[in-house]
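Undergrad: Take this sequence and fold it.
(2 chains)
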There are 2 protein chains.
Amino acid sequence: MSNGVGIARAYPNMALVKYWGKRDEAMMLPAAGSISMTFDTYATTTRVELDPTAQSDTVELNGQVAGGDAAARVVAFLDIVREMAGSQSRAHTVTVNEAPTAAGLASSASGFSALAVAASRAYGLDLDQAALSRLARRGSGSAARSVVDGMAIWHAGDTDVESFAEPIDAPDMRLVIVTVNAAQKAVSSREAMRRTAATSPFYGEWVTCTEETLERMVAACASGGVDEIGRIAETHALRMHAVIQSCDPPIRYLSPRSHEIFDAVAALRDAGTTAWATADAGPNVAVLTTPAEADAVAGALADLGTVRVVGPGHGARAIDEETARAAFDAARSGT
Amino acid sequence: MSNGVGIARAYPNMALVKYWGKRDEAMMLPAAGSISMTFDTYATTTRVELDPTAQSDTVELNGQVAGGDAAARVVAFLDIVREMAGSQSRAHTVTVNEAPTAAGLASSASGFSALAVAASRAYGLDLDQAALSRLARRGSGSAARSVVDGMAIWHAGDTDVESFAEPIDAPDMRLVIVTVNAAQKAVSSREAMRRTAATSPFYGEWVTCTEETLERMVAACASGGVDEIGRIAETHALRMHAVIQSCDPPIRYLSPRSHEIFDAVAALRDAGTTAWATADAGPNVAVLTTPAEADAVAGALADLGTVRVVGPGHGARAIDEETARAAFDAARSGT
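TA: This next block holds a predicted model:
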């Protein structure tokens, strides 16, 4: 079906068992497995078109020509796809991302999972979901999970072929995303993971406890208790922020406002609501709750940030030109 | 010199290498050593008078008759002193504490070090500083350090006799205490230490890294670099809060306001000021700085809490009746 064009859409995901630390940085193999929910909102839309006459790749991000590290990561990813496809062609990549960037909502997860689907199609590769997950992982570790619908487990694996995500059973749940700050974060996740492995005295035990938490979370998802899933997720999230905070020099991703949200979530629980907090490598907080309670939780937290209720969404998948064009036109018009 | 009366005054201390976790709860032996500065402010004044005719001990705290756990801890401590002295006499204990209680300023440190001096004198014991430190430790671990002037190292020790504090050389420094909340904390330090040892995956490494930090801090204090002392102290404090946060269920002692103060201290450093933050098991933050910069640091943080500059003060010591009476009269008049 490839005519040198691939178009795809993907969404961020929020880890309920966190990925923090790599076993193999070149192959992007994580130190431990993780579990996440792929969102139904904050889409990334990406179109890749081969240009056999071009001397180099071009990358457009959110209506602007991209350079620097952002473009370099896309080119490096396309090099992997070209090697798989045996192609030399350069490509034009256009991508639009609806999520606040670089503030802990893992736009790189939606970005590289969309790019994996779009680029593999443009280069004529026919990859199944596991292969797409492995490929997306090479761009950004957590992108391995955004290939999968709903709840995904990313197996750590010892080799490239073993390290991919697949769906797991879980009850229907909602996340109330509380966005408190869209500013660029001071230390990137990549750099912070390196510093954690190199300087935190707790790093080894963090990896061990993540593997144990993974087993407990799989069991909790299978038995369907949202409170048990949330309890495990919140404790684990605070352990991730603890191990990051224990670096030398320390890194603190949670802002004072993030802590206010954790306090507010604890108060909601005391009042009988199903609500458990988690946060990735940034100040935004995601609050796990049931579908029935999501609007009430969002209302209770609305004074603390911009709230949005998200549910389990589709993994990265191909879309048509028309659907994509609306997203690109909106970005180019500068909205 | 004992006529059945002992009167003493002592001050809180702030650990720059933290004590968190016990090796032996009955004997109050810590899992690792620690280093602290004894304050020159927030005094506790305590008077113990034997009453051979009384059937039980009486305890007055801040102008009120004390009961419950507070009184029980004093009685248990007096039992230790009575056993050392071979006495059966009951006593009247009157104590006034000028620090905000139970919000992380370690009023139990000033309290039990003052009680150690006052009670040992009332019961006619002649104890040197190391013996007073050992005794104070039995009431509250960190009280072992408030017996000592200025900077103190508390050796962990494997036995009662080995576990006491003594002075160490250090440059003249100041702490800007930022009190943000005088409310009773939700989980006591004793309970939180137990939970940490029982449930944190990081606890073993916390003990190991504390011992390493202790050696680095002794060297930094000897060489006199306040920035180096502060850097070690802040990293270590965040590790203590990390290990506490990693419990199941998690415990968070730092409030949103505490995190604002850590952020403000980082901004002061970026602007060239010597300022490093630490916090004990509560929301108040202490900022280590030089004598020359202390007032400027206090001014810069005044919007974030009640600020007070403290310097290195006296260890617990005997005082006369007149000096004590002023403190007791003020408390009884209900100020």
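
Undergrad: A:Cys221 should be in a strand, yeah?
TA: No - read with DSSP: H, G, I helix; E, B strand; the rest coil, A:Cys221 is helix and lies in no strand.

Undergrad: Is it correct that it is in contact with A:Pro167?
TA: No - using Cβ atoms under 8 Å, A:Cys221 is not in contact with A:Pro167; the gap is 10.7 Å. Just so you know, the C-beta spots here come from the backbone N, C-alpha and C atoms, and that holds for glycine as well.

Undergrad: ok, those two, which is more surrounded?
TA: Per other Cβ atoms under 10 Å in any protein chain shown, whichever of A:Cys221 and A:Pro167 has more neighbours is A:Cys221, with 23 against 15.

Undergrad: And the helices in the stretch 201-335 of chain A?
TA: Under the criterion DSSP state H, counting those that start in this stretch, the stretch 201-335 of chain A carries helices at the ranges A:203-223, A:226-245, A:256-270, A:294-301, A:321-332.

Undergrad: now stretch A:124-134, how far from the chain's geometric center?
TA: The chain centroid and the centroid of stretch A:124-134 are separated by 18 Å under Cα atoms, centre = their mean, to the nearest Å.

Undergrad: Kindly report the same for stretch A:323-335.
TA: 22 Å.

Undergrad: average pLDDT across that stretch?
TA: In this model, stretch A:323-335 has a mean pLDDT of 83.

Undergrad: wait, which of the helices of the stretch 201-335 of chain A is closest to B:Phe328?
TA: Nearest to B:Phe328 among those is helix A:256-270 (38.5 Å), distances taken as Cβ to Cβ.

Undergrad: hmm, back to that, list the residues that contact both of A:Cys221 and A:Pro167?
TA: Both A:Cys221 and A:Pro167 are contacted by A:Met151, under the criterion Cβ atoms under 8 Å, 6 or more residues apart in numbering or on different chains.

Undergrad: Please spell out the segments of the stretch 201-335 of chain A that come in under the pLDDT threshold.
TA: Residue ranges of the stretch 201-335 of chain A with pLDDT under 70: A:334-335.

Undergrad: and it, which of its residues are near chain B?
TA: Neighbours of chain B within the stretch 201-335 of chain A, by Cβ under 8 Å from any Cβ of the partner chain: A:201-202, A:204-206, A:208-209, A:231, A:234-235, A:238-239, A:241-243, A:245-246, A:248-250, A:252, A:254-257, A:259-260, A:262-263.

Undergrad: Are any of those residues buried, and if so which?
TA: Buried members of those, scored by 16 or more other Cβ atoms under 10 Å in any protein chain shown, are A:201-202, A:205-206, A:209, A:231, A:234-235, A:238-239, A:241-243, A:245-246, A:248, A:250, A:252, A:254-257, A:259-260, A:262.

Undergrad: per-residue confidence at the residue nearest to the spatial centre of chain A?
TA: Here the mean C-alpha position of chain A is nearest to the C-alpha of A:Ala109 (Cα atoms, centre = their mean), at a distance of 3.6 Å. As summarised for this prediction, A:Ala109 has a pLDDT of 95.

Undergrad: What mean pLDDT does stretch A:144-162 get?
TA: The predicted model assigns stretch A:144-162 a mean pLDDT of 98.

Undergrad: domains for chain A, by residue range?
TA: Taking automatic domain parsing as the criterion, chain A consists of the domains A:5-170+A:313-332, A:174-310.

Undergrad: Out of the ones you listed, the one nearest B:Gly63 is which?
TA: In terms of Cβ to Cβ, the element of these nearest to B:Gly63 is domain A:174-310, at 33.2 Å.

Undergrad: Check the offset of the closest one from the chain's centre.
TA: 14 Å.

Undergrad: Likewise for stretch A:76-89?
TA: Once both centres are worked out by Cα atoms, centre = their mean, stretch A:76-89 turns out to sit 23 Å from its chain's centre.

Undergrad: CA-only coordinates of that stretch in CSV, if you can.
TA: Extracted as CSV, the C-alpha positions of stretch A:76-89 are listed here (Å, rounded to 0.1, in the frame of the first residue of the first chain):
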residue,chain,number,x,y,z
ALA,A,76,18.4,9.3,13.6
PHE,A,77,15.1,7.4,13.9
LEU,A,78,14.5,7.5,10.1
ASP,A,79,18.0,6.1,9.7
ILE,A,80,16.9,3.0,11.7
VAL,A,81,13.8,2.7,9.4
ARG,A,82,15.9,3.2,6.3
GLU,A,83,18.3,0.4,7.4
MET,A,84,15.4,-1.9,8.0
ALA,A,85,13.9,-1.1,4.6
GLY,A,86,17.2,-1.0,2.7
SER,A,87,16.4,2.5,1.4
GLN,A,88,18.5,5.6,1.0
SER,A,89,15.6,8.0,0.4
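
Undergrad: Please report how far A:Ile319 lies from A:Leu135.
TA: A:Ile319 sits at a distance of 18 Å from A:Leu135 (criterion: Cβ to Cβ, to the nearest Å).

Undergrad: How about A:Thr199?
TA: A:Thr199 is 32 Å from A:Leu135, where distance means Cβ to Cβ.

Undergrad: do the same with A:His241
TA: Distance from A:His241 to A:Leu135, by Cβ to Cβ: 30 Å.

Undergrad: Please apply the same query to A:Ala300.
TA: Distance from A:Ala300 to A:Leu135, counting by Cβ to Cβ: 40 Å.

Undergrad: Over to A:Ser113?
TA: A:Ser113 is 9 Å from A:Leu135, by Cβ to Cβ.

Undergrad: Kindly report the same for A:Thr306.
TA: Noted for A:Thr306: a distance of 33 Å to A:Leu135, by Cβ to Cβ.

Undergrad: before we move on, what about A:Gly313?
TA: According to Cβ to Cβ, A:Gly313 and A:Leu135 sit 20 Å apart.

Undergrad: can you redo the helices of the stretch 201-335 of chain A as a markdown table with distance to A:Ala26?
TA: Converted to a markdown table, these look like this (distance: least, Cβ to Cβ, whole Å):
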| stretch | distance to A:Ala26 |
| --- | --- |
| helix A:203-223 | 19 |
| helix A:226-245 | 23 |
| helix A:256-270 | 33 |
| helix A:294-301 | 40 |
| helix A:321-332 | 32 |
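
Undergrad: Please name whichever of those helices is nearest to B:Thr179.
TA: Checking the helices of the stretch 201-335 of chain A against B:Thr179 by Cβ to Cβ gives helix A:256-270 as the closest, at 17.0 Å.
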